[in-house]
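Peer 1: Need a 3D model of the sequence below.
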Amino acid sequence: MLTSTAFLVVMLVGVPIGLCLCVAAIVYVLASGNMVLFQSYPLQMFNAVDSYGLIAIPLFVLIGEIMNAGGITKKIVDMAMAFVGSLRGGLAYVNAIANMFVASILGSATAQVAIMSQIMVPEMEKKGYDKDFSAGLTAYGGMLGSIMPPSVMFVVYSVMAQVSVSDMLMAGLVPGLILTALFCVVIAIIGHYQKFPRSAPQTFRQRAATVWAAVPSLSIPIVIVGSIFSGLASATEAGAVGAVMSLLIGRFWTRRLRFSDLPAIMTRAGLYSAIVLFLVVAAGVLSWILVFGRVPQEVAGWIQTVAKDPVTFMLLANVILLVIGTVIDGIPGLIMTVPILLPIATEVYGIDPHHFGVVVVINLVLGLLSPPVGLCFFVAAAATGANPGRMFMVTMPFFLITCVLLVILSVFPAISLIFIG
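Peer 2: Numbering: from 1, shown residues only. Presented below is the predicted three-dimensional model:
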């Protein structure tokens, strides 16, 4: 009780979530009266980040920064436009499909929303699309950044769950593709009733030129995902190759990246990576304290009185995770939920940790698109001037279809395990 009170107090006064968890752990040690635990405290912090797989995080973040500076994202958008832009609601399809490709490079929902909002929303608004719908659709497209490989959240989860980073990334591939297809179905239905505009069709020569210009940019996600899927490289090695490819393409193909930009790019990537890794440290300390206090066992006892089978447990977990995701950002949400729910899922109900990780991440990211916080909506609003409240209302069908996917994944776990060896 004292530990929970300490956590809530420091969080309410504005202390970052990572520090809140570390302070709460110290309060727990003091309250327990077992001062020997202080000797283990630094060791637990070190062990939390003593993982080769975590090197993938700064590499994936660096890829995103280089892509943004090198104009690589715009090439991918142009290619999607060449193929589906002439359909009714073509730019909306472009938004969803381009987000899928960009997601396979960036790995961060909020970073993807910030970049794609600046590219897609002004263009959609020019063609007559509602600004709030355009910004909201871009925010939902940003979900894919945390689901499609390489996902930073999956890397963090895999370290916490002690599973292969590469397997965890591949577990998100099929759900990410299904979610993209479902978004396109929703766009088709809305576009039919609202008479979305069409863009002028491109000639074969124009399409060929656009595809040729985008081929090097598309090679980045193909190499990253392909090398992980084939087993030729680990997630960390694929991230290193992707970073080098992004640098070469941005400098010598798109010609928008200058070597003088690299210090600022690496500084931004380093700062974001440091924040994420500190949260991983906090997660390690929290997990240690929870295990010592037998919290998972106590929670498991309560859940078993409510959920009698794995499917019921997964549906209950969906509700809990979605509620938590509405008020807490993605990675902090992982830190607070995985140490408690994962042991119950795997040990009590026999649920595969990869499958559980996919459901956890989708729920927490969907929470970023739900009131009262809706972080991705606010990121899109800051970039475009749209209204966050109206964004949520006009994109409600995308929220509902994502909930449908979560139910399907909960009932049919094999969907997320197709590429797991």
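Peer 1: List the contacts of the helix or strand that contains Leu342.
Peer 2: In this structure, Leu342 sits in helix 330-343 according to DSSP states H and E. For helix 330-343, contacts defined as CB atoms under 8 Å, 6 or more residues apart in numbering pick out 17-18, 21, 109, 146, 152-153, 156-157, 160-161, 276, 279-280, 282-283, 286-287, 290-291, 295-296, 299-300, 317, 320-321, 324-325, 328, 353, 356, 360-361, 364-365, 367-368. Yep, even glycine has a C-beta here, placed from its N, CA and C like the rest.
Peer 1: redo that, cut-off 6 Å
Peer 2: 17, 153, 156-157, 160-161, 279, 282-283, 286-287, 290, 296, 299, 317, 324-325, 364-365 (CB atoms under 6 Å, 6 or more residues apart in numbering).
Peer 1: Mind checking which of the residues you listed land in helices?
Peer 2: 17, 153, 156-157, 160-161, 279, 282-283, 286-287, 290, 296, 299, 317, 324-325, 364-365 (DSSP state H).
Peer 1: Out of these, which end up buried?
Peer 2: If you count burial by 16 or more other CB atoms under 10 Å, the buried members of the ones in helices among the contacts of helix 330-343 come out as 17, 153, 156-157, 160-161, 279, 282-283, 286-287, 290, 296, 317, 324-325, 364-365.
Peer 1: and stretch 65-72, what's its mean pLDDT?
Peer 2: Taken as a whole, stretch 65-72 has a mean pLDDT of 81.
Peer 1: picking up where we left off before, angle of the helix holding Leu342 against helix 152-161?
Peer 2: 40 degrees (axes from the mean of the first three to the mean of the last three CA atoms, to 10 degrees).
Peer 1: For helix 330-343, list the C-alpha coordinates in PDB.
Peer 2: The C-alpha coordinates for helix 330-343 follow below in PDB (Å, rounded to 0.1, in the frame of the first residue of the first chain):
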ATOM      1  CA  GLY A 330       3.000   2.500 -24.800                       C
ATOM      2  CA  ILE A 331       6.400   1.500 -23.300                       C
ATOM      3  CA  PRO A 332       5.500   2.700 -19.700                       C
ATOM      4  CA  GLY A 333       2.300   0.700 -20.200                       C
ATOM      5  CA  LEU A 334       4.400  -2.400 -21.000                       C
ATOM      6  CA  ILE A 335       6.500  -1.900 -17.900                       C
ATOM      7  CA  MET A 336       3.500  -1.700 -15.600                       C
ATOM      8  CA  THR A 337       1.500  -4.600 -17.100                       C
ATOM      9  CA  VAL A 338       3.800  -7.300 -18.500                       C
ATOM     10  CA  PRO A 339       5.600  -8.200 -15.200                       C
ATOM     11  CA  ILE A 340       2.100  -9.000 -13.700                       C
ATOM     12  CA  LEU A 341       0.100 -10.400 -16.600                       C
ATOM     13  CA  LEU A 342       2.800 -12.300 -18.500                       C
ATOM     14  CA  PRO A 343       3.500 -14.900 -15.800                       C
END
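Peer 1: same question for it, mean pLDDT?
Peer 2: Here the average pLDDT along helix 330-343 is 83.
Peer 1: Now do the buried residues in that helix.
Peer 2: 330-343.
Peer 1: just stretch 271-282 next, same as before
Peer 2: Result for stretch 271-282 [16+ other CB under 10 Å]: buried residues 272-273, 276-282.
Peer 1: again with stretch 193-204
Peer 2: Result for stretch 193-204 [16+ other CB under 10 Å]: buried residues 196, 199, 202.
Peer 1: Tell me which residues are up against it.
Peer 2: 82, 85-86, 88-90, 127-128.
Peer 1: ok, now with 8 Å
Peer 2: 81-82, 85-92, 127-129, 187, 190, 210.
Peer 1: where does Val311 land on pLDDT?
Peer 2: 91.
Peer 1: isn't Ile228 right next to Pro149, touching?
Peer 2: Yes: the pair Ile228 / Pro149 is scored as a contact, 6.4 Å apart, by CB atoms under 8 Å.
Peer 1: Kind regards, and thank you for your time.
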